[in-house]
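Undergrad: dropping a prediction and its sequence here:
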Amino acid sequence: MDKPLSLADLAAMELKGRCFLHEQGRYTGRGFVSGFELETDRWDMQVRDIERYDSANRTCAADRASDEYCSTVGPYDAATINAEGIISLSGYGMVVHIAPAGQGWSQVNWPETDGYPGGPM
């Protein structure tokens with residue numbers, strides 16, 4: 001079961017350089033966190049090397065159109081961590097999963113996205 005993270009917990013974590021998986025509607029993308037800022041009412045995450053995932057043929061291709069995600073931290077948003085150390089941030093219909101420090105793409109058992117089984121990407 002996922003454990004909620006407080007703002008203080010999240011602020012104490014070093015997220016820069018970690019792999020991430022982002023899902024919003026039909027869009028699924030991956031990349032690396034290049035910066036993370038947390039204020040009392042919002043979080044902003046800068047990202048790099050973004051690839052868009054095509055679930056039909058299970059491949060990724062460069063997606064240069066996206067370079068920053070942001071959300072407001074509030075009562076309908078959540079930050080959690082699961083037993084495997086994957087942090088999940090959500091807000092406004094999107095979720096961003098951030099891998100544990102030092103783990104590469106094939107080492108992470110990613111959560112399910114859009115009904116497709118999770119696992120290494």
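TA: Arrived safely.

Undergrad: distance check, the nearest residue to Ala83 once chain neighbours are set aside against Gly25.
TA: Excluding the flanking residues, the one nearest Ala83 by Cβ to Cβ, 6 or more residues apart in numbering is Met1, at 7.8 Å. Every C-beta, even on glycine, is put in place using the N, C-alpha and C of the backbone. According to Cβ to Cβ, to the nearest Å, Met1 and Gly25 sit 26 Å apart.

Undergrad: isn't Ala99 up against Leu15?
TA: No. Using Cβ atoms under 8 Å, Ala99 is not in contact with Leu15, being 9.8 Å away.

Undergrad: neighbour count: the two, which is higher?
TA: Higher neighbour count among Ala99 and Leu15: Ala99, with 24 against 20, using other Cβ atoms under 10 Å.

Undergrad: what's the closest non-adjacent residue to that one?
TA: Cys19 (4.2 Å).

Undergrad: pull up the pairing partners for the helix or strand bottoming out on mean pLDDT in the chain, direction included.
TA: Within the chain, no helix or strand scores below strand 68-71, which has a mean of 72 by mean pLDDT, DSSP states H and E. The strands that strand 68-71 pairs with in its sheet are strand 43-54 (antiparallel) (by DSSP bridges).

Undergrad: how far is the strand it pairs with from where the chain is centred?
TA: 8 Å (Cα atoms, centre = their mean, to the nearest Å).

Undergrad: can you tell me what sits against that strand?
TA: 10, 15, 20, 22, 27-38, 59-64, 66-71, 73, 89, 96, 113, 121 (Cβ atoms under 8 Å, 6 or more residues apart in numbering).

Undergrad: which parts of that strand are buried?
TA: Neighbour-count burial for strand 43-54, counted by 16 or more other Cβ atoms under 10 Å, picks out 43, 45, 47, 50-53.
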